[in-house]
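**Q** no sequence on this one, just coordinates:
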């Protein structure tokens with residue numbers, strides 16, 4: 001069997017390998033005429049030590065669950081990761097390196113997990129990767145506690161991170177690192193590229209704190225390597241020490257030189273621009289490469305890295321053999337493990353969900369959500385998450401997840417994220433990326449704004465994360481406009497690949513969860529009310545999947561007007577329709593829980609719900625922007641909200657059944673000759 005390299009057995013060869021990484025990364029950026037050569041050239045020793053001596057991985061089976069996870073948090077340095085994936089035998093060729101930053105390539109300008117095998121999470125926005133890594137480490141700890149048995153250590157991997165000064169400055173990293181220290185995630189090892197350079201110049205322009213002291217205060221073990229450009233054995237020794245820690249994560253500050261070898265090394269000039277043809281030639285000559293040769297890998301270096309494909313195959317095969325024995329000894333646990341790893345929901349899970357009758361047990365939709373979660377988590381244990389210090393308000397802790405995940409209880413299945421909305425979302429991305437989890441994150445809808453950087457990456461990365469967001473409108477009342485999320489629905493709806501669901505009652509809340517759990521290609525947001533939403537006649541869990549459906553129709557003939565609404569305003573639309581009916585107007589009520597789902601419906605279905613010629617009035621206690629695609633008239637907000645009892649706030653903004661009936665009459669008169677079709681095509 002091929003042997004893993006022991007760093008410092010052949011220092012000259014170590015240096016040759018490191019310099020090959022540096023030159024390949026610089027070539028890749030130069031060929032694209034775009035990119036960031038500095039970080040890869042500075043971080044090459046860290047990557048070399050990790051891939052050669054420490055990390056368990058299988059290029060032939062990049063999704064092998066027993067692998068160590070690697071995250072490049074300073075994602076602008078992605079050529080480092082691409083070069084390592086190429087050298088070690090992943091499905092990434094020299095041609096892929098040559099296509100760096102080109103449309104349709106497997107080597108985009110920042111790592112994207114859904115495009116490149118071997119990339120665990122999408123990084124680039126600084127701090128996200130390290131925060132994702134906290135989620136990966138939580139996932140490892142929980143899965144180990146849940147499935148490992150004596151003599152069967154199925155789950156036993158490390159999460160390694162390379163990050164830079166920018167990651168250290170981002171707030172999301174501070175949030176996530178604080179929680180990681182609190183949780184004692186000892187299998188999280190972070191290598192900090194302490195090169196003291198950022199885009200503006202030296203980090204001292206804006207950043208003078210003692211980072212290691214800060215992380216010690218968070219509860220981390222810290223270490224330092226003074227000569228990271230050349231002292232590969234010191235990097236190796238620091239990682240070895242970190243692996244001896246069993247109750248703390250570790251941060252290793254490694255002093256490096258950005259753009260090591262370039263004429264402008266150690267300055268911001270090598271951060272975000274190619275070296276230039278002449279300087280690149282000098283770098284190659286300095287490192288013993290032919291100046292006019294591009295994308296060259298010496299044969300002995302190629303042979304060294306090639307062995308890791310075989311090593312990885314053997315490690316993955318040994319894990320498979322272990323799992324075979326585990327399966328024989330613990331058949332039920334093994335079946336559960338395989339089901340979760342396949343991202344397959346349990347059979348008949350939907351049968352456990354509640355149903356609701358009209359006008360019975362009327363509650364806020366956040367309370368209906370709690371009733372659903374009680375049943376759901378009991379049968380879908382991978383639905384794992386928590387709240388950002390709002391558990392009594394978001395109602396996400398139930399009997400089925402009554403044990404908190406902690407250092408003492410890693411088997412716990414409820415997360416106490418603390419007041420860390422941004423880290424919460426980023427950690428959930430990491431949980432999903434690990435595999436075997438459908439994570440959920442919960443806070444007030446308005447505070448999605450705090451988390452939006454990570455929420456956006458959930459969508460971009462096709463992460464199956466469920467955001468349970470309560471207090472979803474001016475209906476939260478007295479807390480006032482600082483907490484009332486007037487614009488947040490629009491922000492989420494404008495995010496590509498985000499599914500937004502705003503249910504009107506209990507049955508629609510059930511339907512929203514059914515959709516969210518089966519929508520595996522991206523995140524979903526459930527917008528839930530603080531105030532009571534009575535269970536409505538005609539509501540349907542099944543029809544939520546259509547996005548919009550006829551909740552209540554007029555008694556006869558074609559409607560003269562259609563009232564459409566989401567969430568808590570559907571009941572207002574129903575009462576408005578009753579007033580119209582009493583005055584002789586034929587009104588249809590359409591519940592519209594999801595724009596995105598409705599957009600996917602056929603033209604025939606859309607016409608059946610919103611027939612051409614019939615004016616449509618939308619009612620939603622949020623910004624009206626966007627409703628012009630679905631309605632001819634709009635009732636909503638064009639300002640921020642107001643503090644007061646929610647009933648009075650609704651009256652202030654004219655969101656009442658009486659106003660609905662009045663505005664509907666005005667709309668009918670305005671379109672007495674027929675309203676234009678709203679079923680427009682988007683190209």
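**A** That came in fine, so what should we check first? Keep in mind the model is a prediction, meaning the values are calculated, not measured. Numbering: from 1, shown residues only.
**Q** tell me where the model's unsure across the stretch 1-150 of the chain.
**A** Counting by pLDDT under 70, the stretch 1-150 of the chain has low-confidence residues at 1-5, 8.
**Q** just the helices in it please.
**A** 11-32, 38-49, 78-87, 94-98, 128-147 (DSSP state H, counting those that start in this stretch).
**Q** for the stretch 351-500 of the chain, same thing?
**A** Taking DSSP H, counting those that start in this stretch as the criterion, the stretch 351-500 of the chain carries its helices at 365-379, 391-394, 421-434, 448-460, 488-493.
**Q** closest to residue 54 out of those?
**A** The closest of those to residue 54 is helix 421-434. By C-beta to C-beta, the value is 18.9 Å. C-betas here are computed from N, CA, C, even on glycine.
**Q** wait, residue 75 sits on residue 129?
**A** Yes - proximity of residue 75 to residue 129 meets the contact threshold set by C-beta atoms under 8 Å, at 6.3 Å.
**Q** who touches both of those two?
**A** Listed as contacting both residue 75 and residue 129 by C-beta atoms under 8 Å, 6 or more residues apart in numbering are residue 123.
**Q** now do the lengthiest helix in the chain against helix 78-87, angle only.
**A** The residue-count maximum for a helix in the chain (DSSP state H) belongs to helix 299-329. Interaxial angle, helix 299-329 versus helix 78-87 (axes from the mean of the first three to the mean of the last three C-alpha atoms, to 10 degrees): 80 degrees.
**Q** in helix 299-329, what counts as buried?
**A** 301, 304-305, 307-309, 311-313, 315-316, 319, 323, 326 (16 or more other C-beta atoms under 10 Å).
**Q** can you check stretch 350-361 too?
**A** For stretch 350-361, a neighbour-count test (16+ other C-beta under 10 Å) marks 350, 353, 354, 356 as buried.
**Q** ignoring the adjacent residues along the chain, who's closest to the residue nearest the centre of the chain?
**A** In the chain, the residue lying closest to the centroid (C-alpha atoms, centre = their mean) is residue 458, at 2.9 Å. Ranked by C-beta to C-beta, 6 or more residues apart in numbering and with sequence neighbours excluded, the top spatial neighbour of residue 458 is residue 523, at 4.1 Å.
**Q** kindly report the same for residue 482.
**A** residue 446 (7.9 Å).
**Q** gap between the one you found and residue 406?
**A** For residue 446, the distance to residue 406 (C-beta to C-beta, to the nearest Å) stands at 29 Å.
**Q** higher neighbour count, those two?
**A** Neighbour tally, residue 446 and residue 406, criterion other C-beta atoms under 10 Å: the higher count belongs to residue 446, 21 against 16.
**Q** so what's that one scoring on pLDDT?
**A** Note on residue 446: pLDDT of 98.
**Q** so who does it touch?
**A** Neighbouring residues of residue 446 by C-beta under 8 Å, 6+ apart: 471, 482, 483, 484, 485, 488.
**Q** closest to residue 6 among those residues?
**A** Using C-beta to C-beta, residue 488 is the member of the contacts of residue 446 that lies nearest residue 6, at 53.6 Å.
**Q** hang on, the closest one packs against residue 449?
**A** Yes - the criterion here is C-beta under 8 Å, and residue 488 meets it with residue 449 at 6.6 Å.
**Q** re the thing from before, tell me the most buried of the helices of the stretch 1-150 of the chain?
**A** helix 38-49 (a mean of 29; mean count of other C-beta atoms under 10 Å).
**Q** helix 11-32 and that one, what's the angle between them?
**A** 140 degrees.
**Q** which strands and helices sit next to helix 38-49?
**A** Using 3 or more C-beta pairs under 8 Å, 6 or more residues apart in numbering; DSSP states H and E as the contact test, the elements touching helix 38-49 are helix 11-32, helix 78-87, strand 159-164, strand 188-194, helix 232-243.
**Q** make a markdown table out of these and add distance to residue 477.
**A** Converted to a markdown table, these look like this (distance: least, C-beta to C-beta, whole Å):
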| stretch | distance to residue 477 |
| --- | --- |
| helix 11-32 | 54 |
| helix 78-87 | 47 |
| strand 159-164 | 42 |
| strand 188-194 | 41 |
| helix 232-243 | 50 |
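**Q** which among the ones you listed is found nearest to residue 462?
**A** Among the helices and strands packed on helix 38-49, the nearest to residue 462 by C-beta to C-beta is helix 78-87 (18.5 Å).
**Q** residues in contact with the closest one?
**A** 20-21, 24-25, 28-29, 35-37, 39-40, 43-44, 47, 51, 59, 70, 72, 92-94, 96-97, 100, 107-111, 116-119, 123-124, 162, 297, 301-302, 305.
**Q** on that earlier part again, gap between the residue nearest to the centre of the chain and residue 355?
**A** Residue 458 sits 30 Å away from residue 355 when distances are taken as C-beta to C-beta.
**Q** check residue 286 too.
**A** Taken as C-beta to C-beta, the span from residue 286 to residue 355 is 72 Å.
**Q** next: residue 165.
**A** Taken as C-beta to C-beta, the span from residue 165 to residue 355 is 54 Å.
**Q** same check, this time on residue 35
**A** The value you get for residue 35 to residue 355, if C-beta to C-beta is used, is 55 Å.
**Q** before we move on, what about residue 298?
**A** 67 Å.
**Q** pretty sure residue 275 contacts residue 31?
**A** No - between residue 275 and residue 31 there is no contact under C-beta under 8 Å: 11.6 Å.
**Q** what touches both of these two?
**A** Joint contacts of residue 275 and residue 31 (C-beta under 8 Å, 6+ apart) do not exist.
**Q** would you mark the buried spots in whichever strand or helix holds residue 575?
**A** Per DSSP states H and E, residue 575 falls inside helix 569-582. For helix 569-582, the neighbour count (16+ other C-beta under 10 Å) marks 569, 570, 571, 572, 573, 574, 575, 576, 577, 579, 580 as buried.
**Q** that one packs against which elements?
**A** For helix 569-582, the packing partners by 3+ C-beta pairs under 8 Å, 6+ apart are strand 549-552, strand 561-565, strand 587-591, strand 616-623, helix 657-670.
**Q** centre of the chain to the second one, how far?
**A** With C-alpha atoms, centre = their mean, to the nearest Å as the basis, the distance from the averaged C-alpha position of strand 561-565 to the chain average is 35 Å.
**Q** tilt between that strand and strand 616-623?
**A** Using the same axes, to 10 degrees: strand 561-565 against strand 616-623 is 20 degrees.
**Q** tilt between strand 561-565 and helix 569-582?
**A** Using the same axes, to 10 degrees: strand 561-565 against helix 569-582 is 160 degrees.
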